[in-house]
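**Student:** Mind folding the following:
(chains A and B)
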Amino acid sequence: MSLRALVCVKQVSMLTGPVLIGRDQRLAPASLTVAVNDNDLFALEEALRLRSERTVTEVIALTAASADTAGTVAWCYASGVDRVVSVGLPDAAAIDAFGVGRVIAAAGSRLGADLILCGQRSADSGNGLVPIAIAAALGTPYVSEVARLRVEGAALVVERKLERGARAVWRTSLPAVAACATGINVPRYVPIAKQIIARRAKAEELTCAALGIDLGSLVPRLGVRALMPARIRPKRTATSTLGMNTADKMRLIMSGGVSEKQEKKIVRGDPETLARELLAFLREHQFVTSAARSNGRADKS
Amino acid sequence: MSSDVWVFVEHGAGRAIPSSLEALGEARRLADSLHGSVAAILFGGETALGETLARHGADRVHHVVATPPAYDPDAYVATIAGLIATRPPRVFLAAATTTGLDLCARLAVKTGAPIVTGCVNFTLRGERLELIRAVHGGKVQVAVSAPETGMVLATIVPDIIGIGAPGPLRQVEMLSTSCAQPPRREIEVRETVPGDPRTLDVTEAEVIVSAGRGLGAKSHLAVLEELAQRLGGTVAGSRVAVDLGWLPRDRQIGQTGKTVAPKLYIACGISGATQHTVGIKQSHHIVAINIDDGCGLFKVADLALQGDVMAVVPALLRQLRESEGPRG
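**Tutor:** Predicted structure coming up:
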């Protein structure tokens, strides 16, 4: 079966400077650096692997943004994809993940993609919703957190990354949208020289109008009221504050119960005593079941 | 439209996972502000879990029975969508785990409700509910206004809000519901393969027992492997341990290796050079065992034990064998 894979590669704005928020509730451009979304590179590498296995015959990279994406386009070409398509989007404030999903779905449909691969989430906004939004707009199955994938006839079999290294094996039909988990492969190194050469190649341009999408219909479901620098929220903790003075209590509350690190003591004693101390610690934090309490603690100095 | 807050509760080995209890605690706070009640959605598990959920804030538990052995998106979404259709909540919360995120995103598509992922706080601005989510790696927060009416779905970043001490036992209404069997399935769930802690990638491990030069010899790794096995963790090492050929390169932690964020990091015979500590600073709990009193890791450790690794760890294993089993 010959498949055409479409890989969504987002151009992200990474916060590399201080958090400066303008009156328009946007981050100051001076604090931002444009880059290729790292998480999408795993999806790109997976598509190129499928092409090298001859499961996929053509790999198309698609980037959708309101800004100039020349750097991302060059990166994709230098990575070895067959085609790069750039879709112009309205301003970021006027579109949400589901709107972006609709635009990419329309482009994917136009390009005849059988398998759409994305990173699970972007490094800037990090919604993780665009992949399912594409699938919803196309009416195709969606699989998330994909650690490994293979094509079996007209079906896609994936291993999903769960907690503690566990994997869930899911099977679905093609066409489908798969969001690749972080760290599933080692994305290839793309030399700067190759990127410079690749800058000569231009992406195929698509617009929302050409895709038959009315910009007025892309209204976000939710409105952003404000941006603000991160504020640490006092963390609820089950740690007892009995016997603490007010300053220590405040430190504990503001740190989410980790202030004990500042209060730590080095425990000394014979190996059995140290082991008992460690066992009590493991029980206290529920790393082992508390069947029996240890007797006596070592002296803390 | 009610002012209720619903929480999807994940569980394993007879216990609700901590991030679900965290979401439940937040749901309680939110429901009190909205003058609503809290309902927990529990797929499978024992009814005895209801008591724990009540102590963490649930007024009602929708206990879904006859569930598939593992998370099945089609069945779960159909079941919850059915419950929502009868009495939609104001807010539907889930922990931002692999399953929680997948489920909420699918529910957003199914119900057409707006969704906010990666929330770290919820506030009421007048009558308007605001959801605060972290962006740009947590350096910036965005306040998103929920619609005045209708349900909003949200996922909560684990280990930000914290779990409060369980409250007194309150009366909880247990409602049993059968898991839906949708006629048309998009996804066939074939199997779930448990992770093997021994081969687990160190970045995925919740418990890491790490070796340094202070371990003394490669043959001593067997002791650390036994400890890791008992704690359901994996073995890793410092650059020195890797350079000495004790461990493969993919097990190296630190600036030139991998950055990890386990729940428990036990450093055995590691001096704690900055190049190593930058790779473990996101660990929830750090234990350092070292014979050297001036060991740098003692400064960042939650528990610092001055002693020989090869004396302390075997003693710990002996005590563990005598008294208890591993964490469920």
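**Student:** how many neighbours does whatever residue of chain A ends up closest to chain B have?
**Tutor:** Among the residues of chain A, residue A:165 lies closest to chain B, at 2.4 Å counting by CB to the nearest CB. For the C-beta atoms, the positions are set from N, CA and C on the backbone; glycine is no exception. Other residues within reach of residue A:165, judged by other CB atoms under 10 Å in any protein chain shown, total 21.
**Student:** if I pick it, what's in contact with it?
**Tutor:** Taking CB atoms under 8 Å, 6 or more residues apart in numbering or on different chains, we find residue A:165 in contact with B:194-197, B:199-201, B:204-205.
**Student:** Please name the nearest non-neighbouring residue to it.
**Tutor:** Closest residue to residue A:165 apart from its sequence neighbours, by CB to CB, 6 or more residues apart in numbering or on different chains: residue B:195 at 2.4 Å.
**Student:** Can you pull the phi/psi pair for the one you found?
**Tutor:** Torsion angles at residue B:195 (phi, psi; degrees, to the nearest 10) stand at phi -70, psi 140.
**Student:** Wait, residue A:63 touches residue A:10, no?
**Tutor:** Yes. Using CB atoms under 8 Å, residue A:63 makes contact with residue A:10 at a distance of 6.9 Å.
**Student:** what sits in contact with each of these two?
**Tutor:** Residues touching both residue A:63 and residue A:10 (CB under 8 Å, 6+ apart) are residue A:72.
**Student:** picking that back up, filter the contacts of residue A:165 down to the buried ones and hand me the ChimeraX line.
**Tutor:** The following ChimeraX line selects those of the contacts of residue A:165 that are buried, judged by 16 or more other CB atoms under 10 Å in any protein chain shown:
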select /B:195,197,200,201,204,205
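**Student:** which secondary structure element contains residue A:13?
**Tutor:** strand A:11-15 (DSSP states H and E).
**Student:** oh, I was asking about residue A:63
**Tutor:** strand A:56-65.
**Student:** Can you list the strands that that strand pairs with?
**Tutor:** For strand A:56-65, the paired strands and their directions (DSSP bridges) are strand A:3-8 (parallel), strand A:83-88 (parallel).
**Student:** List the buried residues in it.
**Tutor:** Buried residues in strand A:56-65, counted by 16+ other CB under 10 Å: A:56, A:58-65.
**Student:** now stretch B:87-98
**Tutor:** B:88-98.
**Student:** Any regions of the stretch 1-150 of chain A where pLDDT drops low?
**Tutor:** A:1, A:92-93 (pLDDT under 70).
**Student:** swap in the stretch 151-300 of chain A?
**Tutor:** For the stretch 151-300 of chain A (pLDDT under 70), the answer is A:235-245, A:248-249, A:251-264, A:289-300.
**Student:** where does the stretch 201-328 of chain B come near chain A, residue by residue?
**Tutor:** Applying CB under 8 Å from any CB of the partner chain, we find that the stretch 201-328 of chain B lies next to chain A at B:201, B:203-207, B:230-232, B:263-264, B:285, B:287, B:289, B:293, B:298, B:300-308, B:311-316, B:318-320, B:323-328.
**Student:** helices and strands around the one helix or strand residue B:93 maps to, which ones?
**Tutor:** When elements are assigned from DSSP H and E, residue B:93 belongs to strand B:91-95. For strand B:91-95, the helices and strands in contact under the criterion 3 or more CB pairs under 8 Å, 6 or more residues apart in numbering or on different chains; DSSP states H and E are strand B:5-9, helix B:18-34, helix B:98-111, strand B:152-156.
**Student:** Quick one: closest of the ones you listed to residue A:46.
**Tutor:** Shortest distance between residue A:46 and those, using CB to CB, is found for helix B:98-111: 18.0 Å.
**Student:** What ranges does chain A have for its strands?
**Tutor:** In chain A, strands defined by DSSP state E lie at A:3-8, A:11-15, A:32-36, A:56-65, A:83-88, A:115-119, A:142-152, A:155-161, A:167-173, A:176-180, A:204-206, A:223-229, A:266-268, listed in chain order.
**Student:** wait, which of these is closest to residue B:223?
**Tutor:** Smallest distance to residue B:223 across those (CB to CB): 19.7 Å, for strand A:266-268.
**Student:** still on that earlier bit, any idea which of the strands paired with strand A:56-65 is most buried?
**Tutor:** With neighbours taken as mean count of other CB atoms under 10 Å in any protein chain shown, those reach their highest mean count in strand A:3-8, at a mean of 25.
**Student:** neighbouring contacts of it?
**Tutor:** A:40, A:43-44, A:47, A:50-51, A:55-64, A:81, A:104, A:107-108, A:111-119, A:130-131, A:134, A:151, A:174.
**Student:** shaky segments in the stretch 201-328 of chain B?
**Tutor:** Ranges of the stretch 201-328 of chain B meeting pLDDT under 70: B:324-328.
**Student:** Do a quick rundown of the helices in it.
**Tutor:** Counting by DSSP state H, counting those that start in this stretch, the stretch 201-328 of chain B has helices at residues B:221-231, B:239-243, B:274-277, B:309-323.
**Student:** quick one: contacts of the strand holding residue B:93?
**Tutor:** Here strand B:91-95 has contacts from B:4-8, B:10, B:17, B:19-20, B:22-23, B:26-27, B:30, B:34, B:84, B:100-101, B:103-104, B:107, B:113, B:122, B:129, B:146, B:151-156, B:158, using CB under 8 Å, 6+ apart.
**Student:** Out of the residues you listed, which are close to chain A?
**Tutor:** The subset of these within reach of chain A, by CB under 8 Å from any CB, is B:101, B:146, B:152.
**Student:** tally of neighbours for the last one?
**Tutor:** Using other CB under 10 Å, residue B:152 is surrounded by 23 other residues.
**Student:** Equivalent analysis for residue B:296, please.
**Tutor:** Residues near residue B:296, counting by other CB under 10 Å, number 17.
**Student:** can you tell me how far it sits from chain A?
**Tutor:** 13 Å (CB to the nearest CB, to the nearest Å).
**Student:** show me what contacts the nearest residue to that residue once chain neighbours are set aside?
**Tutor:** Spatial nearest neighbour of residue B:296, excluding adjacent residues (CB to CB, 6+ apart): residue B:272 at 3.2 Å. Taking CB under 8 Å, 6+ apart, we find residue B:272 in contact with B:288, B:290, B:295-300.
**Student:** mind running it again at 10 Å?
**Tutor:** When contacts are counted by CB atoms under 10 Å, 6 or more residues apart in numbering or on different chains, residue B:272 touches B:212, B:238, B:280, B:286, B:288, B:290, B:292, B:294-301.
**Student:** now do residue A:77
**Tutor:** By CB under 10 Å, 6+ apart, the contact list for residue A:77 reads A:61, A:83-84, A:190, A:194-195, A:197-203.
**Student:** How about it: what's its closest non-neighbour residue?
**Tutor:** Ranked by CB to CB, 6+ apart and with sequence neighbours excluded, the top spatial neighbour of residue A:77 is residue A:198, at 3.8 Å.
**Student:** Test my guess that the one you found contacts residue A:61.
**Tutor:** No. Using CB atoms under 10 Å as the test, residue A:198 is too far from residue A:61 to be in contact (11.4 Å).
**Student:** Find the residues that touch each one of these two.
**Tutor:** Counting by CB under 10 Å, 6+ apart, the common neighbours of residue A:198 and residue A:61 are A:73, A:75-77, A:79-80, A:84.
**Student:** Residue A:266 and residue B:291 touch, don't they?
**Tutor:** No. Residue A:266 is beyond contact range of residue B:291, at 11.7 Å (criterion: CB under 10 Å).
**Student:** Pull up the overlap in contacts between the two.
**Tutor:** Common contact partners of residue A:266 and residue B:291 (CB under 10 Å, 6+ apart): B:305-306.
**Student:** Could you measure from the residue nearest the centre of chain A over to residue A:6?
**Tutor:** For chain A, the residue nearest the mean C-alpha position is residue A:121 (2.8 Å; CA atoms, centre = their mean). Residue A:121 sits at a distance of 18 Å from residue A:6 (criterion: CB to CB, to the nearest Å).
**Student:** Equivalent analysis for residue B:215, please.
**Tutor:** 49 Å.
**Student:** residues near residue 276, how many?
**Tutor:** Going with chain A. Residue A:276 has 21 neighbouring residues, counting by other CB under 10 Å.
**Student:** Not quite, go with chain B.
**Tutor:** Neighbour tally, residue B:276, other CB under 10 Å: 25.
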